[in-house]
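**Q** attaching a predicted model along with its sequence, questions to come.
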2 protein chains.
Amino acid sequence: GIKLDMITATCAISCLACILMGALANLPIALAPGMGLNAYFAYTVVGYHGTGKVSYRNALSAVCIEGIIFFVLSVVGLRQWFARMIPVSLKTATASGIGIYLAFIGLQSSAGIGLITSSSATLVELGGCPPEYRDANNVCTAHHMQGGPTWLGVLGLMLIGTMLLYRLKGAILIGILVVAIISWPRPTAVTYFPHTPSGDEAFNFFKKVVTFHPIKNTLAEFHWDLSSGDIWIALITFLYVDILDCTGTMFSMAKFGGYMDDKTQDFEGSSMAFLVDSAAIAIGSTFGSSPVTAFIESGAGIAEGGRTGITTIVTGIMFFIALFFAPIFASFPPWATGPALITVGAMMMQNVLQINWKYIGDGLPAFITIIMIPFGYSIGYGLIAGIGSFIFINSTVFILFKVSRGRIAPPNYEDRDDWVGFVTRGGIKSNIPPWILRLFGKKPATIASPSNNSSEEDLAEKQVAEIV
Amino acid sequence: GIKLDMITATCAISCLACILMGALANLPIALAPGMGLNAYFAYTVVGYHGTGKVSYRNALSAVCIEGIIFFVLSVVGLRQWFARMIPVSLKTATASGIGIYLAFIGLQSSAGIGLITSSSATLVELGGCPPEYRDANNVCTAHHMQGGPTWLGVLGLMLIGTMLLYRLKGAILIGILVVAIISWPRPTAVTYFPHTPSGDEAFNFFKKVVTFHPIKNTLAEFHWDLSSGDIWIALITFLYVDILDCTGTMFSMAKFGGYMDDKTQDFEGSSMAFLVDSAAIAIGSTFGSSPVTAFIESGAGIAEGGRTGITTIVTGIMFFIALFFAPIFASFPPWATGPALITVGAMMMQNVLQINWKYIGDGLPAFITIIMIPFGYSIGYGLIAGIGSFIFINSTVFILFKVSRGRIAPPNYEDRDDWVGFVTRGGIKSNIPPWILRLFGKKPATIASPSNNSSEEDLAEKQVAEIV
């Protein structure tokens, strides 16, 4: 009962959020309840069968409050300000780290081809065993590299790669479909429906084709109680992970889709995107859903050529269709979609080429961001690690430079990235979103971009002058 | 007894192998019993307390035979031929993947700062708990991100990064020493010698400063018996993992150190390096050691400026000193050396910039190599995955091109890398190492490098002509 309620609720809020994002912000960024925070919501906050420190209804109210705080932060422009403060090398690194993260997910068994499994000694190891030889901890107990589904996934990856090389339209979609259709007949070694109790159950659901499960239990009865410390920890965690995850994802997609404005380090529609996202979090909580966020899987749509809100509206419509054709959508095996994640990962990883590796003060924090996203399994953690190391290294350099009156500086100090965090609008430091200025009848000033003609020295001086 | 015997044997063979490598091949590549194969040797082949299918003495004989086969392959030039056959994008990708692999090791608890720990759901997760809160499976049970050693490791990483930015000589070494010395006093939260039974034991060993443990048990009594299938599996695994690991590591270090010859895709002294490595494997087996291989940690020496065999000879001398000062060397905590691995990883990862991302036939196999090295936890697996996907995609393209008489080709076919696998020497396809030719009084022909003046079309035709 409750499980099917949750599926319906998830599809419904994702559908609504995607259509809003497409229609209002005109961006190819899909929204849905995020994978990191829903695990945190379910296993840490509420706990298995409600054994956690916070009740489900209480946790939901925290989600709703988080969405509202988020919305207010977006309206006053604090989110945009924060997004602009992130150094450009870290934004690029985030896109690159998400690429490796996507590939990592695509290689695992839960949402991928199962080539990589768990190991207590080395954390990860080559698995590739048939699904029935994986234990509860994702460890292959026998028959390593003999799993039909894994090899079918590898074939899917090769097919998608080859089709992309010839620039075939719909390469990723065709690859997913081919592997899924091969996995549907039951009497094969690569079937998604083996002759086991759970296989029978999945196949019976598949055969239904059409189904609809309305939300019967009233999921969203809020319990407004902020008296415990645990609810505050949950609320704050929701808030900062959401801000970092969502900001990181949106900017990475803008970079990947090529619609990032290099001068302002922002993209058109970003303010509206942040507003839609935060509104969707609050609305989602009334459906009983954990926080909605920008999905890194949007990269697959961008890889297929999606650049506008039409992509997102189509995604929303698919979520609506999924409400009724759940049996079909649930029958795409993970080894059919895993290859798409790996290919999109390969594309997004190439952002690494734009990082300023020449200057360690930019390069090392970027590298830390890149590795901490997949290995920390969170975009937020990657950004925190990157921002922290960026501040440590560059504050040290800045202080030494000031104290020594310019005598102590790294040998290639002039190679560092320009930092647009303190860029001015019309001569005045301002981070108010343009639409608010327009609302009050003021024309937003164009952003003073660093001119390409002035020498690096000039720029450095200008920057220091602005900061001091 | 047996444990200290093994430490003495490992130091002794590593010392000998490094000095040979430095003196004969003049390369900054350290040799020691490799981390992947020794785990395979100990846990899979011989098994815990000898519970495996092959006895210790039998497995040792397989190592010795492997070293001899390896030596023969190097003499006849098959290893060099194989090394040259690997597409250039995959060699570059291997160096890049090793960078991420090093950083991954440096982030874990066994040989790093313990920031990343195990998770059954997502394989990896942010850990950072104090060592006493990690269970046997490397999972943090409580106090995430509250571990003193992890934070000290983060500080070490920041120190090394900042010192490298100012190009301080010995930055990596200073960073390791600072963290180690901070970890030696006992009454702190970051001590390597807590007041526990195992901490007391480690501290008592540390206080000895000088010690020497001669090999008492005759470790290396071979048992020459190749009648079981299991010994053959072990032998073949040793052989191919060693070939791939060692080749991949040596070429990556050549790229990292800047002494790779782009024309021949080879480096000076490679033949001798392969001979020394294979000889060290056979000699090592008489000491009772698992296969010796080129160490990716050599990157730390190259990062500090090492370019010749002197670096390796010094490494060998340090192994000799370690025979007597084991108490000191054993007292460098993993969170002191982890930051060095992460920094060197950041440097090696930058090889990614040289990969030919424009052409998917080069770029996707390169990406697969990069991700499969850390996630498959093996350089060999990464290379196999990369080579396999390279062959699949590019054979398909080649066959389609031939069958369609040049009509079906990828839109940017001319962007692909030149493949030097079939390069000719003096007009004749030859892969005999130069020193063998010299031995027989023949002057080795210079390698016909693809001229930069000829058009891409010409090159493609030439290549096709050579292959057919």
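**A** All right, it came through fine.

**Q** up against chain B, what does the stretch 251-400 of chain A have?
**A** Residues of the stretch 251-400 of chain A found near chain B (C-beta under 8 Å from any C-beta of the partner chain) are A:342-343, A:345-346, A:349-350, A:352-353, A:357, A:359-361, A:363-364, A:367-368, A:370-371, A:374-378, A:381, A:389, A:392-393, A:396-397. All C-beta spots, glycine's among them, are computed from the backbone N, C-alpha and C.

**Q** buried set for the lengthiest helix in chain A?
**A** Longest helix in chain A by number of residues (criterion: DSSP state H): helix A:229-257. Residues of helix A:229-257 classed as buried by neighbour count (16 or more other C-beta atoms under 10 Å in any protein chain shown): A:231, A:234-235, A:237-239, A:241-257.

**Q** strands of chain A, start to end?
**A** Assigned by DSSP state E, the strands in chain A fall at A:31-33, A:116-119, A:123-126, A:292-294, A:424-425, A:428-429.

**Q** the first one packs against which elements?
**A** If you count contacts as 3 or more C-beta pairs under 8 Å, 6 or more residues apart in numbering or on different chains; DSSP states H and E, strand A:31-33 packs onto helix A:2-20, helix A:270-287, strand A:292-294.

**Q** mind putting these into a markdown table with mean neighbour count and mean pLDDT?
**A** Shown next, in a markdown table, are these (neighbours: other C-beta atoms under 10 Å in any protein chain shown; pLDDT from 0 to 100):
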| stretch | mean neighbour count | mean pLDDT |
| --- | --- | --- |
| helix A:2-20 | 20 | 86 |
| helix A:270-287 | 24 | 92 |
| strand A:292-294 | 30 | 92 |
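
**Q** now the ones you listed in a markdown table, with distance to B:Val154?
**A** Formatted as a markdown table, those follow (distance: least, C-beta to C-beta, whole Å):
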| stretch | distance to B:Val154 |
| --- | --- |
| helix A:2-20 | 37 |
| helix A:270-287 | 31 |
| strand A:292-294 | 27 |
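
**Q** now do the longest helix of chain A: distance to the chain's middle.
**A** 9 Å (C-alpha atoms, centre = their mean, to the nearest Å).

**Q** next, the angle from it to helix A:270-287.
**A** If you take axes from the mean of the first three to the mean of the last three C-alpha atoms, to 10 degrees, helix A:229-257 sits at 140 degrees to helix A:270-287.

**Q** so who does the residue of the stretch 201-350 of chain A found nearest chain B touch?
**A** Residue nearest to chain B within the stretch 201-350 of chain A: A:Ala346 (4.0 Å; C-beta to the nearest C-beta). Counting by C-beta atoms under 8 Å, 6 or more residues apart in numbering or on different chains, A:Ala346 touches A:Gly99, A:Ala103, B:Gly363, B:Leu364, B:Phe367, B:Ile368.

**Q** got it, and A:Gly128?
**A** Per C-beta under 8 Å, 6+ apart, neighbours of A:Gly128: A:Gly114, A:Leu115, A:Thr117, A:Cys140, A:His144, A:Met145, A:Gln146, A:Gly147, A:Thr150, A:Trp151.

**Q** just A:Pro130 next, same as before
**A** Per C-beta under 8 Å, 6+ apart, neighbours of A:Pro130: A:His143, A:Gln146, A:Gly147, A:Gly148, A:Pro149, A:Ala189.

**Q** list only buried entries from those.
**A** Neighbour-count burial (16+ other C-beta under 10 Å) applied to the contacts of A:Pro130 gives A:Gly147, A:Gly148, A:Pro149.

**Q** among those residues, which one sits closest to chain B?
**A** Nearest to chain B among the buried ones among the contacts of A:Pro130, with distances taken as C-beta to the nearest C-beta, is A:Gly147, at 14.8 Å.

**Q** how near is the residue lying closest to the closest one once chain neighbours are set aside to A:Ile116?
**A** Closest residue in space to A:Gly147, ignoring its immediate chain neighbours: A:Pro130 at 4.2 Å, by C-beta to C-beta, 6 or more residues apart in numbering or on different chains. Distance of A:Pro130 to A:Ile116, computed by C-beta to C-beta, to the nearest Å: 15 Å.

**Q** equivalent analysis for A:Pro87, please.
**A** Counting by C-beta to C-beta - A:Pro87 and A:Ile116 are separated by 32 Å.

**Q** neighbour-wise, which of the two wins?
**A** The neighbour count for A:Pro87 versus A:Ile116, taken as other C-beta atoms under 10 Å in any protein chain shown, is higher for A:Ile116 (29 against 26).

**Q** hmm, which of the contacts of A:Ala346 is lowest in pLDDT?
**A** Within the set of these, pLDDT is lowest for A:Gly99 (93).

**Q** check contacts around that one.
**A** For A:Gly99, the contacting residues are A:Val344, A:Gly345, A:Ala346, A:Met347, A:Met348, A:Met349, A:Gln350, A:Asn351, by C-beta under 8 Å, 6+ apart.

**Q** what about these, which are in helices?
**A** With DSSP H as the criterion, helices contain A:Val344, A:Gly345, A:Ala346, A:Met347, A:Met348, A:Met349 from among those.

**Q** how close does A:Thr10 sit to chain B?
**A** 19 Å (C-beta to the nearest C-beta, to the nearest Å).

**Q** count the residues that sit near A:Val139.
**A** A:Val139 has 16 neighbouring residues, counting by other C-beta under 10 Å.

**Q** tell me what the residue nearest to it when sequence neighbours are not counted is bridged to.
**A** Nearest non-adjacent residue to A:Val139, counting by C-beta to C-beta, 6+ apart: A:Ser118, 5.0 Å away. A:Ser118 forms beta bridges with A:Val124, as assigned by DSSP bridges.

**Q** ranges for the helices of the stretch 351-468 of chain A?
**A** Per DSSP state H, counting those that start in this stretch, the stretch 351-468 of chain A carries helices over the ranges A:360-375, A:379-403, A:434-439, A:456-467.

**Q** which of these has the lowest mean pLDDT?
**A** helix A:456-467 (a mean of 44).

**Q** which residues in the stretch 101-250 of chain A form helices?
**A** Going by DSSP H, counting those that start in this stretch, the stretch 101-250 of chain A shows helices at A:148-165, A:171-183, A:197-208, A:229-257.

**Q** C-alpha coordinates for the shortest one, PDB please?
**A** Same thing as helix A:197-208. What follows is helix A:197-208 as a C-alpha-only set of coordinates in PDB (Å, rounded to 0.1, in the frame of the first residue of the first chain):
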ATOM      1  CA  PRO A 197       9.300 -15.900  -7.100                       C
ATOM      2  CA  SER A 198      10.400 -12.300  -7.400                       C
ATOM      3  CA  GLY A 199      11.000 -12.800 -11.200                       C
ATOM      4  CA  ASP A 200       7.400 -14.100 -11.500                       C
ATOM      5  CA  GLU A 201       6.100 -11.200  -9.600                       C
ATOM      6  CA  ALA A 202       8.000  -8.700 -11.700                       C
ATOM      7  CA  PHE A 203       6.800 -10.400 -14.900                       C
ATOM      8  CA  ASN A 204       3.200 -10.400 -13.800                       C
ATOM      9  CA  PHE A 205       3.400  -6.700 -13.100                       C
ATOM     10  CA  PHE A 206       5.100  -6.200 -16.600                       C
ATOM     11  CA  LYS A 207       2.200  -8.100 -18.300                       C
ATOM     12  CA  LYS A 208      -0.300  -5.700 -16.800                       C
END
